[in-house]
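Colleague: with the input below, show me the fold.
(chains A, B, C, D, E and F)
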4 protein chains.
Amino acid sequence: MARLAGSDGETTAKAIRAQSLALFARHGYAAVSMRMIADAVGVQPGALYQYHSNKQQLLVDLMRGHLEALLRAWREEEDAADSPVQALERFARFHIRYHITRPDDVFISYMELRALEPDEFRAIEVLRKSYEGVLKAILEAGRVQNIFSCEDPHVSAMAILAMLTGVNSWYRSGGRLSQAKIEDIYAVMVARSVGCELEGRSDV
Amino acid sequence: MARLAGSDGETTAKAIRAQSLALFARHGYAAVSMRMIADAVGVQPGALYQYHSNKQQLLVDLMRGHLEALLRAWREEEDAADSPVQALERFARFHIRYHITRPDDVFISYMELRALEPDEFRAIEVLRKSYEGVLKAILEAGRVQNIFSCEDPHVSAMAILAMLTGVNSWYRSGGRLSQAKIEDIYAVMVARSVGCELEGRSDV
Amino acid sequence: MARLAGSDGETTAKAIRAQSLALFARHGYAAVSMRMIADAVGVQPGALYQYHSNKQQLLVDLMRGHLEALLRAWREEEDAADSPVQALERFARFHIRYHITRPDDVFISYMELRALEPDEFRAIEVLRKSYEGVLKAILEAGRVQNIFSCEDPHVSAMAILAMLTGVNSWYRSGGRLSQAKIEDIYAVMVARSVGCELEGRSDV
Amino acid sequence: MARLAGSDGETTAKAIRAQSLALFARHGYAAVSMRMIADAVGVQPGALYQYHSNKQQLLVDLMRGHLEALLRAWREEEDAADSPVQALERFARFHIRYHITRPDDVFISYMELRALEPDEFRAIEVLRKSYEGVLKAILEAGRVQNIFSCEDPHVSAMAILAMLTGVNSWYRSGGRLSQAKIEDIYAVMVARSVGCELEGRSDV
DNA sequence: TATGAATGAGATTTCATTCAT
DNA sequence: GATGAATGAAATCTCATTCAT
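Modeller: Numbers count the residues shown, from 1 in each chain, chains lettered A, B, ... in the order given. Predicted coordinates for the structure are as follows:
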């Protein structure tokens, strides 16, 4: 019919983001239909096209939103005064903390890259590589200062990111381990993986 | 038309496995149609139903085949005489070696669990947990002998598996690093993550 | 949002007529969406419904506007003192001149009759037959005076109108032939088709 | 379900051609849905895609089929021994006879060119221009031999084709005039339009 | 007078699957 | 063992239209 009394574009836009994120993460982009999203939002499928020009663009908008927010958050978190060891710990803790609270964004931004058409893929890859570059720079700085025993910063960065992001594959909030404890455990493992012991935590 | 001269069920069966594996890995189960698989194999879609009763069962057959082969391979690899440190290194090297050569099987067996219907999911999970149990047992053995500094064998096992399997996300055969070198690097990182140094390799 | 400063109903009405005419002529009524028209006009689709109650009525308004203007123009052009030959030449020249400058109106008024619902169709047919009657009357007058060799005025009228209107299918303003030259050529052909030579133009 | 007992591809293919031709001619390409065609044929819409890869290709197949058959038919009809006057009469009679029995093919092949995408349009235009070239060659031959008073063969060809094809806009089989009589009338008009009288027929 | 949000219907097309041959 | 023809359901997306603002 027409606009329902009280309906509001911004509210609908947020609901579409939230519901499509949850559905894509749970079932995968290809397995989620626009009808499923519309049902979750409480509108007809056609209404989704007022907000995203097609299904692919909806996915792109979710990914771009996540990666841009992630990069902004790190820029606020980082401290130029950190030593490489401090920077590595800060990064590990930040990564876990940021990712653990947004498992759906994380999952689709890493797993649904294959669903992107070439142009969209390239645009998103730029953002993703930009974040990977943060960790690589930290490792490289530690390596040239002979603080890290890290033969190949690229491989180490990939391994560390895989390990850190892997938390999301098993973490459930309210589970046995607190978020802070998980940060502690992983910070130590990350440091050790480049040959460092974090001070005062050899007991972990 | 009837059977083409020279067409052969076993050949077709293998081609279906190979092509569906590659397609599911590249695009995801939901994004691959039976027609795409049939085209890749060189038959009509209806022919696929001579080998797998439906699309879901085709996926299950691929996963079960992979996981059963993986467990068989480990049983041939393991050595009851190993110390926990040796066992951990053997496991790390085995995991990388086995997985690096079967990236498609690995990928779909981890990523397409969500595409399984409940009954099929449970059956596959049993196999998967059985393999995770191998690593957990090694870690637990090292922990009780005070060889590993490993507070929580379950968390550590998940972290290590994530890191090891993560190789597949960036490894390309013929790349800069040999498979043996990658095994070395990861064996050291895995050992360090539980507080051990592998002998004679502090230079890695 | 309310009315934009400076927006003006009459301007919009004219723009809707101009743009819908061009789009219907180029792509056909059924292939043009209200959204396409709105985009061309520079308004939202809903705004179109302030001027025409629905898409069908928009088409009817275009056709009626054209046919009524055509009949008015002929009434101003015709000369009761003409002989049948003069009247036929006048009609041929008028038809070409009037139609050649309004190709879009002409095209949709002839081609989109099939898109009209029965009631609207009948109303438009009355206007169209009224114009065809003009030519038929001229031919009939020439026939009864034994000036035209024209066995069947109806068939001849249809043939002549098809030929004359056919100019629009290839004429492009600024092309090789001037409008006046085209009028000359067709006036001669029309006259000859009923067995007459126009005076002083046997060279054409 | 599956193939119905007794269903047969060639039968269905012909039915699709016949029904889509009739529907496109009556309502226009854009106004006809695949569902309408499927209903007329007596199959589900999806079955149409076994015969034509999409709606556009269905239209192209209809047009190409018509134009190729038309050119083949003329090649069998033409007689190299004809004088220009004889050739012109033969062409006029052939054109009317061929087109009058295939009004739907004719209509869509001339009117739905605008519905073609650029590549398809070019391919069809080649065929259409090839047929126009037949008439132009006849006119040109008569002009250089000073038999036809025809200043511009291209314009005359367009005018004559418009007139001849225009028959389809009013002819109904079983109507007042026989097909032979219509051929006679038009043959005379066409000849006169280039300044010739057909022998023994000045009475028409 | 016009917008912005939405609807309900329907468009084209693809899908997994079936089964007579 | 495989094809070729078809189904019934569902996918993505567009459409004309409505109406609170």
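
Colleague: buried residues in the helix of greatest length in chain A?
Modeller: Longest among the helix segments of chain A by residue count, using DSSP state H, is helix A:118-144. Neighbour-count burial for helix A:118-144, counted by 16 or more other Cβ atoms under 10 Å in any protein chain shown, picks out A:120, A:124, A:127-128, A:134-136, A:138-143. The C-beta positions use only the backbone N, C-alpha and C, and glycine is treated the same way.

Colleague: state the mean pLDDT of that helix.
Modeller: On average, the pLDDT along helix A:118-144 is 95.

Colleague: touching chain B at all, it?
Modeller: No: figure legend: helix A:118-144 not in contact with chain B (Cβ under 8 Å from any Cβ of the partner chain); closest approach 10.3 Å.

Colleague: report all helices and strands that that helix contacts.
Modeller: Judged by 3 or more Cβ pairs under 8 Å, 6 or more residues apart in numbering or on different chains; DSSP states H and E, the packing partners of helix A:118-144 are helix A:55-77, helix A:84-100, helix A:153-165.

Colleague: among those helices, which comes closest to chain B?
Modeller: Nearest of the helices and strands packed on helix A:118-144 to chain B, taken as Cβ to the nearest Cβ: helix A:153-165 at 2.8 Å.

Colleague: and the contacts of that closest one?
Modeller: Here helix A:153-165 makes contact (Cβ atoms under 8 Å, 6 or more residues apart in numbering or on different chains) with A:92, A:95-96, A:99, A:106, A:110, A:132, A:135-136, A:139-140, A:143, A:150, A:186, A:189-190, A:193-194, B:159, B:162-163, B:165-167, B:169-170, B:177, B:182, B:185-186, B:189.

Colleague: nearest residue to the middle of chain A?
Modeller: The centroid of chain A falls nearest to A:V106 when counting by Cα atoms, centre = their mean (3.6 Å).

Colleague: tell me which residues touch that one, please.
Modeller: Listed by Cβ under 8 Å, 6+ apart, the contact partners of A:V106 are A:66, A:99, A:165, A:168.

Colleague: and for A:L113?
Modeller: With contacts defined as Cβ under 8 Å, 6+ apart, A:L113 is in contact with A:121, A:124-125, A:128.

Colleague: show me what from chain A comes close to chain B.
Modeller: Residues of chain A lying near chain B (Cβ under 8 Å from any Cβ): A:26-31, A:111, A:114-115, A:149, A:151-152, A:155-156, A:158-159, A:161-163, A:165-167, A:169-170, A:177, A:182, A:185-186, A:189, A:192-193, A:195, A:202, A:204.

Colleague: show me where pLDDT drops low in chain A?
Modeller: Applying pLDDT under 70 to chain A flags residues A:1-7, A:200-204.

Colleague: got the residues of it near chain C?
Modeller: Contact residues, chain A versus chain C (Cβ under 8 Å from any Cβ): none.

Colleague: rewinding a little: and the longest helix of chain A, is it in reach of DNA strand F?
Modeller: No: judged by Cβ under 7 Å from any atom of the strand, helix A:118-144 and DNA strand F are separated, with a smallest distance of 12.6 Å.

Colleague: nearest to DNA strand E: which residue in chain A?
Modeller: Residue nearest to DNA strand E within chain A: A:G9 (2.4 Å; Cβ to the nearest atom of the strand).

Colleague: ok, that residue to C:P45 distance?
Modeller: To C:P45, A:G9 is 17 Å away according to Cβ to Cβ, to the nearest Å.

Colleague: the more surrounded of these two?
Modeller: C:P45 (14 against 10; other Cβ atoms under 10 Å in any protein chain shown).

Colleague: any idea which of the helices and strands packed on helix A:118-144 is most buried?
Modeller: helix A:153-165 (a mean of 22; mean count of other Cβ atoms under 10 Å in any protein chain shown).

Colleague: right, and the helix or strand after it?
Modeller: Using DSSP states H and E, the helix or strand that follows helix A:153-165 in sequence is helix A:179-193.

Colleague: gap between that following helix and the chain center?
Modeller: Computed by Cα atoms, centre = their mean, to the nearest Å, the chain-centroid distance of helix A:179-193 equals 18 Å.

Colleague: what comes up buried for that helix?
Modeller: A:179, A:182-193.

Colleague: tell me the angle that helix makes with helix B:153-165.
Modeller: Angle of helix A:179-193 versus helix B:153-165, following axes from the mean of the first three to the mean of the last three Cα atoms, to 10 degrees, is 50 degrees.

Colleague: now do helix A:179-193: which elements does it pack against?
Modeller: helix A:84-100, helix A:153-165, helix B:153-165, helix B:179-193.

Colleague: columns distance to D:V41 on top of these, output as TSV?
Modeller: TSV is the format used below for these (distance: least, Cβ to Cβ, whole Å):
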stretch	distance to D:V41
helix A:84-100	55
helix A:153-165	54
helix B:153-165	53
helix B:179-193	59
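
Colleague: minimum distance to B:L71: which of those helices has it?
Modeller: helix B:153-165 (14.5 Å; Cβ to Cβ).

Colleague: any idea how far that closest one is from the chain center?
Modeller: For helix B:153-165, the distance to the chain centre is 14 Å (Cα atoms, centre = their mean).
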